[in-house]
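Q: Just to be clear, the model below is a prediction. Sequence and coordinates:
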Amino acid sequence: MNDASDHGSGNTHKNFIEIEIEKDFASKQELVGRTVYTRFPPEPNGYLHIGHAKSICLNFGLAKTYGGHCNLRFDDTNPTKESEEYVNSIKTDVNWLGFQWDKLLYASDYFEQLHDWACQLIREGIAFVCDLNADEMREHRGTLTQPGRNSPYRDRSIEENLDLFARMKKGEFPDGAKTLRARIDMTSPNLNLRDPVLYRIMHAHHHRTGDAWCIYPMYDWAHGQSDSIEGITHSICTLEFEDHRPLYDWFCKTLRIYHPRQMEFARMNLTYTVMSKRKLLQLVQENHVSGWDDPRMPTISGLRRRGYTPESLRMFCERIGVARFSSTIDVVVLEGSVRDHLNTIAPRFMAVLDPIKVVLTNYPEGQTEWMDAVNNPEDPSGGSRQIPFTRELYIEREDFMETPPSKFFRLKPAGEVRLRYGYVIQCNEVVKDAEGNILELRCTFDPTTKSGSPTAIERKVKGTIHWVSASESAEVEVRLYDRLFLSENPEDAPAGKTFLDNINPNSIRVVRAKVEPEVAKQLPGAKVQFERNGYFCADVIDSKPGVPVYNRIVSLKDAWARMTTRDNKA
RNA sequence: UGGGGCGUGGUGUAAUGGUAGCACAACAGACUCUGACUCUGUUUGUCAAGGUUCGAGUCCUUGCGCCCCAGCCA
């Protein structure tokens, strides 16, 4: 067995699941000669989100760590909520995250077997057909503090149960008319054991089995047995299924079939977003976002479109760890992960998001110099490119201040700043309109300071800013995304309000940016860094050939912004 | 308030009963033609109270707090 400690990215200790797995393999007779077998079992009733990524990384990661296998199994036992669209999106997302399943399976593959096992239980007198309707059943179930009462149909004969169940299967009864239940214990303090429903009648078309069935197994009746059939050694799920484990165990034991071990871990919460399927659906349906893959959504498809890489998501899952404590992860951990990955791979470009014109009064009109610029300082093999330098340029509006604070290293009246890969310039004049708005900055450049020249090296200036030629640049649409919600926990809204009231009205800002020519040539999906701004991704949907539209994935860390906001607060 | 879980710095996550560590964040400094990256350093923690023990985050007792369960959803 391999050592679980080598996951990379710093996290060298084992989590509690790995520890338990190792104990099991060291001590359990039935595991001798076997390897770890896990499964990722989504219901295809929606799009996967970052919380699922944690489960995917865990299940597939365990298999990889221990040289075992992991299946992708769709828990498709409720045809009214499921569709092939979701099946396909889930397959895409799992693969995109970088994982290959051993087998692609469906709970519906086992419908026949599950049905046979149900008949077995009936024949053994431990399952019965119940005529109680939903309301009556709820009433008989009791409450958290009061025991339930036996169904009046609990003691039907085996023959009658067999007959009734067969007729349920044949379609003789309408939806809801009858259920098949296990005879366990209506007084159990665990509500899951109070004669749970095994089958319900649903005259619904299933996306895989069509109209072959009109009775469908419940989750509890399907899940453990599916694990068992597949030879899953460790069935890993989230904490809310903990109360179901006694049932899971009871079914395996009662059916006398291979018995996987269910283990639960805490699902993740993320600050500044919502994760429940219902709320995500609501955001989509009420058009608060453009769709499941809106770049502001915490869905895998949204993060992918935003520009997150599989590597960054895996790194994130590694960093947050696995435990049984319901934690809330600060979204900065997610943002930090994508920064760390993109820093190593993203080519650098210059882009001015909020341009202000600079005229170099001593620079020849009509002249263009091609300046050499490094593509990625983190990647020596990345090479370099040429950027046009001209008399008229754009710089970022916030890189100039007329009356700056003391630590402001950028351009100011009579001050000097280096233009990255260009020259050192000095600001001589601020041209304004009648209202006092700055129209342009008139500056002079120092010809001895050309980037890369020997004379440039001696010249030290505190600040370096990015720029783009006014005449030799392109213009692109850039979408500046911010967090979708204003509050850390959008769900805790004041009385009478909902999470929707916490939506950030400025979660997207669209600008036209001036960019160096190369930026306009990037292909959809390209991930780049706009120097001193952030990481950006050419949108896969809205970019057209030769006309990319950029999404801001995440800004760069900004010590200056931190410093200024802190001073303002003080 | 029946049952099941869970409480370790700001956020996560470790620690056969034996020096409370790691990551992220923050802060300070160094470096810097990205106020990025990198490097160095620093701050901050065992829910509480008792008990057992030479020694308790870990074991025991009591209390407090949080999460999950009353679908013919998963």
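A: Nice, I can see it.

Q: looking only at pLDDT, what's the mean for stretch A:301-317?
A: For stretch A:301-317, the mean per-residue pLDDT is 98.

Q: How about stretch A:67-83?
A: pLDDT averaged over stretch A:67-83 gives 98.

Q: Over to stretch A:393-406?
A: For stretch A:393-406, the per-residue pLDDT averages 96.

Q: chain center to that stretch: distance?
A: 37 Å (CA atoms, centre = their mean, to the nearest Å).

Q: That one near RNA strand B at all?
A: No. Stretch A:393-406 does not reach RNA strand B (CB under 7 Å from any atom of the strand); its nearest approach is 7.8 Å. C-beta here means a position set from N, CA and C on the backbone, and glycine is covered the same way.

Q: quick one: contacts of that stretch?
A: Residues outside stretch A:393-406 that contact it (CB atoms under 8 Å, 6 or more residues apart in numbering) are A:352-358, A:360, A:408, A:410-413, A:417, A:419, A:427, A:430, A:438, A:441, A:465-470, A:473, A:514, A:532, A:564, A:567.

Q: and if you look at stretch A:428-444?
A: By CB under 8 Å, 6+ apart, the residues outside stretch A:428-444 that reach it are A:356-362, A:395, A:397, A:400, A:402, A:411, A:413-414, A:425-427.

Q: Any chance of a PyMOL selection covering the buried ones in these?
A: Only the buried entries of those go into this PyMOL selection, using 16 or more other CB atoms under 10 Å:
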select buried, chain A and resi 356+357+358+359+360+395+400+411+425+427
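
Q: Okay, and which of the contacts of stretch A:428-444 map to strands?
A: Per DSSP state E, strands hold the following members of the contacts of stretch A:428-444: A:356, A:357, A:358, A:359, A:360, A:395, A:425, A:426, A:427.

Q: Can you tell me which of the residues you listed is nearest residue A:262?
A: The closest of the ones in strands among the contacts of stretch A:428-444 to residue A:262 turns out to be residue A:395 (CB to CB; 59.7 Å).

Q: tell me the contacts of the nearest residue to the closest one once chain neighbours are set aside?
A: Leaving aside its sequence neighbours, residue A:395 sits nearest to residue A:467 (CB to CB, 6 or more residues apart in numbering; 4.9 Å). By CB under 8 Å, 6+ apart, the residues touching residue A:467 are A:350, A:352, A:358, A:393, A:394, A:395, A:419, A:420, A:422.

Q: For the last one, which residues are in contact?
A: Read that as residue A:422. With contact taken as CB under 8 Å, 6+ apart, residue A:422 is in contact with A:371, A:389, A:445, A:450, A:451, A:467.

Q: these two touch, right, the fourth one and residue A:423?
A: Put plainly, it is residue A:450. Yes. Taking contacts as CB atoms under 8 Å, residue A:450 lies within contact range of residue A:423: 5.7 Å.

Q: ok, these two, which is more surrounded?
A: More crowded of residue A:450 and residue A:423, by other CB atoms under 10 Å: residue A:423, with 23 against 18.

Q: Give me the spatial nearest neighbour of the more buried one, chain neighbours excluded.
A: Nearest one to residue A:423, counting by CB to CB, 6+ apart, is residue A:445 at 4.2 Å.

Q: Next one: the one you found from residue A:548, what distance?
A: Applying CB to CB, to the nearest Å, the value for residue A:445 to residue A:548 is 31 Å.

Q: Neighbour count for those two, which is higher?
A: Counted by other CB under 10 Å, residue A:445 and residue A:548 do not tie: residue A:548 has more neighbours, with 26 against 21.

Q: Could you pull up the residues touching the more buried one?
A: With CB under 8 Å, 6+ apart, residue A:548 has these contacts: A:476, A:519, A:520, A:522, A:523, A:524, A:526, A:538, A:539.

Q: again, but for residue A:320
A: Counted by CB under 8 Å, 6+ apart, residue A:320 has contacts A:54, A:268, A:327, A:329, A:333.

Q: what about the residue lying closest to residue A:283 once chain neighbours are set aside, which helix or strand?
A: Using CB to CB, 6+ apart and skipping the chain neighbours, the partner closest in space to residue A:283 is residue A:289 (5.0 Å). If you go by DSSP states H and E, residue A:289 is not part of any helix or strand.

Q: Retrieve the pLDDT associated with residue A:289.
A: As predicted, residue A:289 sits at a pLDDT of 97.

Q: Same check on residue A:551?
A: Looking at residue A:551, its pLDDT is 98.

Q: ok, the strand or helix carrying it near RNA strand B or not?
A: Using DSSP H and E, residue A:551 sits in strand A:549-555. No. With CB under 7 Å from any atom of the strand as the measure, strand A:549-555 is seen stopping short of RNA strand B, the closest distance being 9.4 Å.

Q: Go ahead and report the secondary structure state at the one residue in chain A that gets nearest to RNA strand B.
A: For chain A and RNA strand B, the shortest gap (CB to the nearest atom of the strand) falls at residue A:451, measuring 2.4 Å. Here residue A:451 is coil, with the state taken from DSSP: H, G, I helix; E, B strand; the rest coil.

Q: Thanks a lot, see you next time.
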